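K.L.:
based on what follows, work out the 3D shape:
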Amino acid sequence: MGVSLTRPQAPERPALLQAMLDAFAMPDLRARILFTLGMLVLFRFLAHVPVVSVDIGLIRSLFQENQLLGFLDLFSGGGLRNLSIVALGVYPYITASIVLQLMVPVIPRLQAMNKEGEAGRQRLNQITHYLTVPIALAQAYGQLVLLRNLGGFAGTGFSGGFEVATLAVMVSMAAGTIFLVWLGEMITERGIGNGVSIIIFAGIVAQFPQLLGQGFLERERLGGLLLLAALGVLMVYLIVLFTEAQRRVPVQYGRSVFRGGRMYRQAGTTFIPLRVNSAGMIPLIFAFSIMILPGTLASYFADPLGRSTVGKIAQFLANAFDPQGMMYWVFSFLLVVAFTFFYTLVIFQQQNLADNLQKNGGFIPGIRPGRPTADYMNRVIIRITWGGALFLGMVALLPFLATRVTDIQGIQLSGASVLIVVGVALDTLRQLEAQLLMRSYEGFLR
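P.N.:
Residues are numbered from 1 along each chain as shown. As a prediction, this is how the structure comes out:
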């Protein structure tokens with residue numbers, strides 16, 4: 001009676017873990033990942049290099065009390081909280097990119113550049129870099145004045161007014177922004193993922209230990225913490241669901257080929273993926289920028305005693321735009337929905353899908369090419385954008401709902417932060433998967 005001995009099989013690893021192991025097993029891909037990590041370490045080091053001698057504890061206390069400062073600190077990864085040389089983060093570059101995207105349909109010269117292919121996109125990118133510099137200088141001065149008015153420079157000998165020292169700080173902060181943009185481009189070229197998005201991602205993730213520390217302080221409210229964690233997991237699931245959701249519009253292409261001295265017509269079928277959430281996080285940035293600024297400015301002129309007309313109006317605005325009030329979050333929801341439609345339609349019109357389909361011999365079955373195709377696709381994008389707009393509106397309401405449901409004030413579950421982190425993680429994993437597939441099929445293609 002024979003006995004068959006078989007070698008036990010190794011347990012199968014999870015797909016994500018196996019993909020990471022495969023990536024590190026390839027020398028060139030491992031070099032890309034390590035280069036990305038090295039650039040992020042450099043970014044985190046610069047976030048702790050201050051521009052002036054200030055009372056860091058005083059400034060950090062201001063960030064805990066002021067919603068506008070917390071929003072500005074979102075893209076700096078704590079750099080603004082430390083008043084570092086990269087305190088502005090890449091936010092001026094993002095602002096310049098958004099402004100240029102909105103100006104392309106308005107300015108004919110920019111429209112012509114946008115239609116020139118890769119060369120036109122490079123010129124637009126160069127204009128974005130030029131536009132980033134004055135925006136960074138203006139934003140640096142505005143933040144210094146804001147910190148001065150809030151008492152952030154008390155007892156330091158630095159007034160924050162427009163003087164030689166202020167100009168030096170402004171130039172340092174603007175140079176830090178340009179340096180971060182350069183780091184992002186280096187990551188895009190020699191690393192993995194979109195560099196600017198990776199830097200924003202790293203800045204947000206760097207604040208997670210602080211959130212864990214705040215959760216430890218709230219440990220007596222275990223039920224609220226568990227509910228907050230459940231809301232966070234649910235939000236991550238919904239963000240992945242709506243980020244990946246798309247409407248596939250079928251498209252057919254008719255082409256002619258020569259075979260045996262005769263011409264034959266061949267048809268190919270594909271689809272155009274229209275995303276439910278095409279706007280990403282941009283509507284959240286627009287909406288919260290508008291909602292936070294009026295309340296902050298009104299607080300400087302508010303008069304609770306109502307002794308002047310200006311004081312009464314300022315007090316009314318300060319109360320209406322108070323982040324603790326219900327009206328603030330209702331307006332935020334409505335603005336996010338409105339900006340989602342505005343930004344999606346502006347970007348969609350720039351793509352000229354109907355004209356490109358007609359030039360390449362493509363058509364949507366049952367729809368005539370040209371204007372009818374454009375009208376049909378506009379109707380489709382408007383219908384599916386309702387889902388993305390309402391979802392982004394709920395993401396904007398997440399901090400308010402989480403605080404009311406869990407009764408935990410010390411931890412702010414920012415929907416915008418979760419949206420950025422999940423979106424960047426998905427995009428980076430897609431690019432990593434594409435790199436793995438390209439190298440897996442390299443031997444076959446040879």
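
K.L.:
when you work out contacts or count neighbours from here on, use the C-alpha atoms and nothing else.
P.N.:
Will do.

K.L.:
how is this protein carved up into domains?
P.N.:
For the chain, automatic domain parsing gives the domain ranges 27-206, 217-439.

K.L.:
okay, these, which one's buried deepest?
P.N.:
For the domains of the chain, the largest average neighbour count (mean count of other Cα atoms under 10 Å) is found in domain 27-206, namely a mean of 19.

K.L.:
how about the helices in the stretch 151-300 of the chain?
P.N.:
164-190, 195-205, 208-217, 222-244, 282-301 (DSSP state H, counting those that start in this stretch).

K.L.:
let me have these in TSV, extended by mean pLDDT and distance to Asp427.
P.N.:
Formatted as TSV, the helices of the stretch 151-300 of the chain follow (pLDDT from 0 to 100; distance: least, Cα to Cα, whole Å):
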stretch	mean pLDDT	distance to Asp427
helix 164-190	86	12
helix 195-205	83	9
helix 208-217	66	21
helix 222-244	80	10
helix 282-301	70	16
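
K.L.:
now those as CSV including distance to Arg121?
P.N.:
Conversion of the helices of the stretch 151-300 of the chain to CSV gives the following (distance: least, Cα to Cα, whole Å):
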stretch, distance to Arg121
helix 164-190, 15
helix 195-205, 17
helix 208-217, 36
helix 222-244, 25
helix 282-301, 20
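
K.L.:
nearest to Leu401, out of these?
P.N.:
helix 222-244 (9.8 Å; Cα to Cα).

K.L.:
check which helices and strands the closest one sits against.
P.N.:
Counting by 3 or more Cα pairs under 8 Å, 6 or more residues apart in numbering; DSSP states H and E, the packing neighbours recorded for helix 222-244 are helix 371-406, helix 415-440.

K.L.:
Ile56 against Asn82, yeah?
P.N.:
Yes - Ile56 sits in contact with Asn82 when judged by Cα atoms under 8 Å, with a separation of 6.1 Å.

K.L.:
which residues are in contact with both of those two?
P.N.:
Common neighbours of Ile56 and Asn82, using Cα atoms under 8 Å, 6 or more residues apart in numbering, do not exist here.

K.L.:
just say helix, strand or coil for Pro369.
P.N.:
The local conformation at Pro369, judged by DSSP: H, G, I helix; E, B strand; the rest coil, is coil.

K.L.:
measure it to Met377 for me?
P.N.:
11 Å (Cα to Cα, to the nearest Å).

K.L.:
how much space between the nearest residue to Gly195 once chain neighbours are set aside and Asn125?
P.N.:
In this structure, Gly195 finds its nearest non-sequential neighbour in Gly184, 3.7 Å apart by Cα to Cα, 6 or more residues apart in numbering. For Gly184, the distance to Asn125 (Cα to Cα) stands at 13 Å.

K.L.:
what backbone torsions are found at the residue lying closest to Gln111 once chain neighbours are set aside?
P.N.:
Excluding its sequence neighbours, the residue lying closest to Gln111 (Cα to Cα, 6+ apart) is Val104, at 5.4 Å. Torsion angles at Val104 (phi, psi; degrees, to the nearest 10) stand at phi -60, psi -50.

K.L.:
with that, I have no additional questions.
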